[in-house]
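Enquirer: Mind folding the following:
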Amino acid sequence: MELTGTVSKREMKSQLLDSMELEREKGITIKLAPVTMHWKGYTLNLIDTPGHVDFSYEVSRSLQAVESAVLVVDATQGIQAQTLANVYLALEQDLTIIPVINKVDLPAADVEKVSAQIINLLGCSREDIIEASGKTGQNVDRILDAVIEKGVKPSLLRGLPEVTTEDEGASHVTTGASDPSPETMLGLTPTRALIFDSYFDDYRGVVLYVRVFDGEIEKNTEIYMMAAETKGIALEVGILTPKMSPRDKLSAGEIGYIVTNLKTTREAKVGDTVTLVKNLASEPLPGYKNVLPFVYAGFFPVSNDQYKELKEAVEKLSLSDSALRFEPENSPVLGFGLRIGFLGLLHMDIIRERLEREFGLDLIVTNPSTNYEVVLNNGEVIEIKSAADLPDISEVLEIREPWVKGEIILPKEMIGNVLNLINEKRGHQTNLSYIESRAVIDFEAPMANLLTDFYDQLKSVTSGYASFNYELNGYRAEDLVRIDFLVGGHKIDALSIMAHRSEAEGIGREVTKKLKSVIPRQNYEVALQAAIGARIIARETIGAYRKDVTVKIHTGDRDRKAKLLEKQKRGKARMKRFGKIDIPSEAFTVMLKRD
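Expert: This next block holds a predicted model:
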């Protein structure tokens with residue numbers, strides 16, 4: 001951006017496109033950001049998109065909007081799992097890939113090793129790889145030239161937009177544009193534009209980021225979203241530099257923004273096709289998918305007085321995050337809260353941190369779980385989002401759980417440890433291949449077993465050298481059971497979990513031990529039990545506080561001592577019947593805690 005004069009030196013700063021405080025702290029991109037720039041008479045549109053698997057849908061929509069991709073690999077880290085995932089996405093879209101090695105100025109850079117990995121992956125020649133440094137500006141001009149020379153298709157006569165997706169150690173840039181056809185210039189071709197991102201502005205309403213494929217969109221025209229079947233008005237159109245620069249219209253081949261009068265992003269979803277009401281398109285652009293969450297967690301305020309604030313905060317976040325789904329939930333222990341659906345664990349962490357930081361909420365988050373498909377005896381299939389929603393087991397024919405297809409890249413010498421870890425998680429290896437000194441393990445495993453501490457354990461057994469990527473791979477019927485946890489004889493629904501029958505007893509013992517360490521002692525004995533139906537599979541006991549009631553007797557009268565001890569025993573029994581056990585918030589996240 002600095003080289004092309006899009007942003008002046010005075011305005012330049014590190015992580016310029018990462019506007020959120022969380023993005024700067026974690027060093028990751030959460031929301032994509034498009035930028036239009038000019039180079040040697042060409043118009044280039046760059047889209048900085050997230051690289052993490054939780055946001056891969058945003059990346060795939062961005063790649064759908066463009067013609068070529070620049071693959072940027074970190075010279076110190078080499079190819080990561082998410083790099084591979086995004087390369088496959090680009091290849092699926094039949095994009096031209098321009099390989100670049102970044103950070104070659106660092107002392108730890110191993111250019112030859114990383115070059116060999118890229119050649120092995122893409123089958124390109126050594127001369128095709130550009131060695132660059134974003135910090136010093138080395139060879140950045142060569143990247144822009146390569147985008148124009150290799151990224152432009154022969155049929156295109158003038159400059160194109162371009163897109164970049166950046167993740168931890170990898171980055172993609174995509175380009176795309178086309179000359180308007182004679183039909184478009186005469187206004188005969190129906191307008192079609194792909195929405196690759198949308199967000200809600202408190203003052204202006206829903207803002208769409210689009211790539212116009214056919215026709216043009218003028219200011220103040222009435223638009224129609226084909227998948228959502230909603231109408232709106234294009235109050236303002238323009239390009240991003242990276243600030244909003246209004247224009248009279250967006251033409252075919254351009255990437256820009258549309259400010260609408262819509263009130264929620266659910267009316268204009270990512271991947272949808274925008275057309276004009278006065279000249280409706282008959283066919284939408286390819287690639288729209290309705291993205292559904294598959295990780296769920298209960299969010300409860302520490303004080304019930306904050307429930308209204310929590311609901312309003314989540315509603316505000318959902319306006320700019322169309323993947324966020326939520327519904328009210330009531331727990332006898334935790335009170336009123338929300339059951340929220342996410343695309344993955346990182347997505348959940350980001351939302352939790354934003355709720356705590358931006359809205360000042362103090363939250364209790366229950367153990368994350370995935371959704372399950374339950375087939376009833378009458379053939380009906382229902383979806384449940386937590387174990388507490390499971391119908392009576394006598395009505396259930398089978399329970400299906402989601403499985404994932406995963407990919408781990410790691411040093412060759414650590415393969416054994418990782419294969420053992422995959423087996424422990426009830427997964428199995430499907431393929432093993434090598435990229436120079438690194439191994440790539442493809443595997444399948446149940447989603448629920450990867451939700452809690454799989455990533456931490458993977459980093460632990462590989463000393464932090466492994467990278468992990470996954471995608472959903474359908475639902476499979478398994479021998480699943482619901483484990484209930486009883487505290488003092490009372491079932492706590494918020495603690496119930498689904499598990500495979502073979503793992504149930506081990507999980508029951510582990511969770512009851514962890515609960516014993518976080519639930520405070522009472523004046524009476526408290527039993528912690530794990531149960532499958534009416535069968536108890538694990539038990540721990542929290543001992544009572546012991547008060548010596550005989551201390552005030554200075555004589556050795558046995559009858560008086562026995563009388564006092566019997567009275568204390570009756571009192572403890574009465575307290576056990578009517579006593580209320582205070583369960584701290586840590587008890588609801590014991591599955592996330594590692595020993």
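
Enquirer: and the helix or strand hosting residue 99, what's its mean pLDDT?
Expert: Under the criterion of DSSP states H and E, residue 99 resides in strand 96-102. Averaged across strand 96-102, pLDDT comes to 88.

Enquirer: And the contacts of it?
Expert: With CB atoms under 8 Å, 6 or more residues apart in numbering as the contact definition, strand 96-102 has outside contacts at 67-75, 87, 90-91, 111, 114-115, 118, 122, 124, 128-134, 143, 146-147, 150-151, 171, 173. For the C-beta atoms, the positions are set from N, CA and C on the backbone; glycine is no exception.

Enquirer: Where strands are concerned, which of those residues count?
Expert: Residues from the contacts of strand 96-102 lying in strands, with DSSP state E as the criterion: 68-74, 130-131, 171, 173.

Enquirer: Export those as CSV, with columns for neighbour count and pLDDT.
Expert: Converted to CSV, the ones in strands among the contacts of strand 96-102 look like this (neighbours: other CB atoms under 10 Å; pLDDT from 0 to 100):
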residue, neighbour count, pLDDT
68, 26, 83
69, 30, 85
70, 29, 84
71, 25, 86
72, 25, 86
73, 25, 87
74, 20, 86
130, 20, 87
131, 18, 87
171, 24, 40
173, 29, 44
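
Enquirer: Show the contacting residues for residue 587.
Expert: The neighbours of residue 587, taking CB under 8 Å, 6+ apart as the test, are 495, 515, 518-519.

Enquirer: can you do 7 Å?
Expert: Counting by CB atoms under 7 Å, 6 or more residues apart in numbering, residue 587 makes contact with 515, 518-519.

Enquirer: Please, where are all the helices along the stretch 251-400 of the chain?
Expert: All helices of the stretch 251-400 of the chain, identified by DSSP state H, counting those that start in this stretch, fall at 307-319, 345-359.

Enquirer: re the thing from before, can you redo the ones in strands among the contacts of strand 96-102 as TSV with distance to residue 543?
Expert: TSV is the format used below for the ones in strands among the contacts of strand 96-102 (distance: CB to CB, whole Å):
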residue	distance to residue 543
68	68
69	63
70	64
71	60
72	59
73	57
74	54
130	68
131	66
171	57
173	63
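
Enquirer: Out of those, which is nearest to residue 276?
Expert: For these, the residue nearest residue 276 by CB to CB is residue 68; the value is 28.5 Å.

Enquirer: Verify the contact between that closest one and residue 94 for me.
Expert: No - applying CB atoms under 7 Å as the test, residue 68 and residue 94 come out as separate, 10.2 Å apart.

Enquirer: Give me the nearest residue to residue 144, chain neighbours excluded.
Expert: residue 39 (4.9 Å; CB to CB, 6 or more residues apart in numbering).

Enquirer: Could you count how many residues lie near the one you found?
Expert: When neighbours are counted by other CB atoms under 10 Å, residue 39 registers 18.

Enquirer: Name whatever forms a beta bridge with it.
Expert: The partner list for residue 39 in beta bridges (DSSP bridges) reads residue 42.

Enquirer: Please report how far it lies from residue 238.
Expert: Residue 39 sits 20 Å away from residue 238, going by CB to CB, to the nearest Å.

Enquirer: For the ones in strands among the contacts of strand 96-102, work out which two are farthest apart.
Expert: The widest separation within these (CB to CB) is 20.8 Å, between 68 and 74.

Enquirer: re the thing from before, would JSON lines of the helices of the stretch 251-400 of the chain with mean neighbour count and distance to residue 295 be doable?
Expert: Shown next, in JSON lines, are these (neighbours: other CB atoms under 10 Å; distance: least, CB to CB, whole Å):
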{"stretch": "helix 307-319", "mean neighbour count": "17", "distance to residue 295": "15"}
{"stretch": "helix 345-359", "mean neighbour count": "18", "distance to residue 295": "6"}
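
Enquirer: Nearest to residue 459, out of these?
Expert: The nearest among the helices of the stretch 251-400 of the chain, by CB to CB, is helix 345-359 at 13.7 Å.

Enquirer: what's the average pLDDT for the closest one?
Expert: Averaged across helix 345-359, pLDDT comes to 84.
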